[in-house]
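Enquirer: below are the sequence and a predicted model for it; my questions follow.
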Amino acid sequence: MTGAAGAGPAKIIDGTAISREIYAGLKERVAVLGRANVRPGLAAVQVGDNPASKIYLRNKVRACDEVGVYSELHHLAADSPQDVVLAALDQLNRNPRVHGILLQLPLPQHLDAERVMQSIAPEKDVDGLTWGSLGSLVAGHAVFEPCTPAGVIALLERSGVAMDRRHAVVVGRSVIVGKPAALMLMAQGATVTICHSHTRGLADHTRRADILVAAVGRPRFITGEMVKPGAAVIDVGINRLPDGKLAGDVDFQSARNVAGWITPVPGGVGPMTIAMLISNTVRAVERAQQ
Ligand code: NAP
């Protein structure tokens with residue numbers, strides 16, 4: 001299949017179904033490691049009581065259980081001093097049962113988030129967000145790719161959307177999503193435009209995108225008239241509306257009538273982010289074995 005689908009109604013890219021396929025493959029790899037008496041282990045660290053973080057962590061632990069990955073949850077008080085958080089991470093860096101460390105963001109304000117993040121050992125950075133991991137991504141030798149953009153690429157690949165020689169537009173330039181997504185699309189052969197809050201004539205850019213990735217953090221910001229007919233639209237946004245419902249950064253109803261492919265929210269990129277985290281954890285063990 002090529003990227004040239006007709007204009008809407010778009011095919012829905014089902015991130016939940018695709019993540020299940022990925023889990024099935026991971027289960028087999030975990031079984032192979034089990035035969036060598038090795039069980040991949042993920043340690044998740046939460047500082048404070050952010051309710052959204054709690055839900056994310058619960059889902060990540062559940063995914064570990066499903067695949068057979070050992071997991072442990074470390075909950076530190078919201079007012080934990082920086083040296084206590086660093087000491088907890090240092091212990092996990094040295095714990096042989098733990099192959100991957102996930103530091104759930106955001107951290108409380110009093111902590112130096114960059115400093116804390118950088119203290120994760122490179123070989124356990126399964127979130128792919130330390131400077132070392134990001135640097136190796138820039139250099140084209142990524143060990144652990146950041147999970148959310150890795151999920152974006154996997155969704156496109158598994159939906160048969162061609163990236164090579166296509167024009168991709170990424171709206172958003174954050175370190176955790178926009179920038180690495182742009183690098184990874186470029187590595188797939190796409191020509192990439194990165195847009196942000198200082199971009200003039202945003203819609204002129206988005207309307208030229210064969211692949212449009214929205215990582216803005218504004219509900220229903222990308223409307224159908226900003227989408228090129230037949231484009232693949234990947235909505236990274238997760239926004240909580242006043243009525244408690246979730247909305248993406250794309251106005252799904254108008255965009256689906258124009259796009260060739262589109263991801264829903266929820267059920268698009270979200271489940272893939274978790275699948276990529278577990279995948280990186282399994283890879284951490286396989287690398288250590290080699
Ligand atoms: P972020 O750090 O707030 O970055 C948002 C980006 O959007 C910034 O680069 C900003 O530009 C740009 N932007 C804001 N307003 C804009 C406008 N009017 N026009 C063009 N660009 C604009 O957010 P993030 O961490 O990347 O997250 C983005 C969204 O993805 C959020 O909804 C978040 O909840 C969601 N998310 C989902 C997952 C998942 O697993 N599915 C994971 C992570 C994040 P400037 O740089 O110029 O400010």
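Expert: Looks like it came in fine.

Enquirer: quick one: the helices in the stretch 51-200 of the chain?
Expert: 51-67, 82-94, 113-118, 131-138, 147-158, 178-187 (DSSP state H, counting those that start in this stretch).

Enquirer: excluding chain neighbours, what is closest to G189?
Expert: D164 (3.3 Å; C-beta to C-beta, 6 or more residues apart in numbering). Placement of C-beta: from N, CA and C, glycine included.

Enquirer: ok, that neighbour to M117 distance?
Expert: 33 Å (C-beta to C-beta, to the nearest Å).

Enquirer: list the buried residues in stretch 235-247.
Expert: Judged by neighbour count (16 or more other C-beta atoms under 10 Å), stretch 235-247 contains these buried residues: D235, V236, G237, I238, N239, A247.

Enquirer: got it, and stretch 97-116?
Expert: Neighbour counts over stretch 97-116 (16+ other C-beta under 10 Å) mark V98, H99, G100, I101, L102, L103, Q104, L105, L107, P108, L111, V116 as buried.

Enquirer: surely the fourth one is in contact with V126?
Expert: So that's I101. Yes: counting by C-beta atoms under 8 Å, I101 touches V126, with 6.9 Å between them.

Enquirer: overlap in contacts, these two.
Expert: Shared contacts of I101 and V126, defined by C-beta atoms under 8 Å, 6 or more residues apart in numbering, are found at L42.

Enquirer: one step back: D164 and M117: who's more crowded?
Expert: Neighbours were counted for D164 and for M117 using other C-beta atoms under 10 Å; M117 has more, 18 against 9.

Enquirer: surely that one is in contact with L102?
Expert: No: between M117 and L102 there is no contact under C-beta under 8 Å: 11.1 Å.

Enquirer: next up, the contacts around the residue in the stretch 1-150 of the chain that the ligand sits nearest to.
Expert: Here the residue of the stretch 1-150 of the chain nearest the ligand is T148; by C-beta to the nearest ligand atom that distance is 4.1 Å. By C-beta under 8 Å, 6+ apart, the residues touching T148 are I176, V177, A181, A215, V236, V269, M272, T273, M276.

Enquirer: quick check, pLDDT for it.
Expert: Looking at T148, its pLDDT reads 98.

Enquirer: what residues does the stretch 1-150 of the chain have near the ligand?
Expert: By C-beta under 6 Å from any ligand atom, the residues of the stretch 1-150 of the chain that approach the ligand are T148.

Enquirer: where are the low-confidence patches of the stretch 1-150 of the chain?
Expert: Within the stretch 1-150 of the chain, the stretches with pLDDT under 70 are 1-8.
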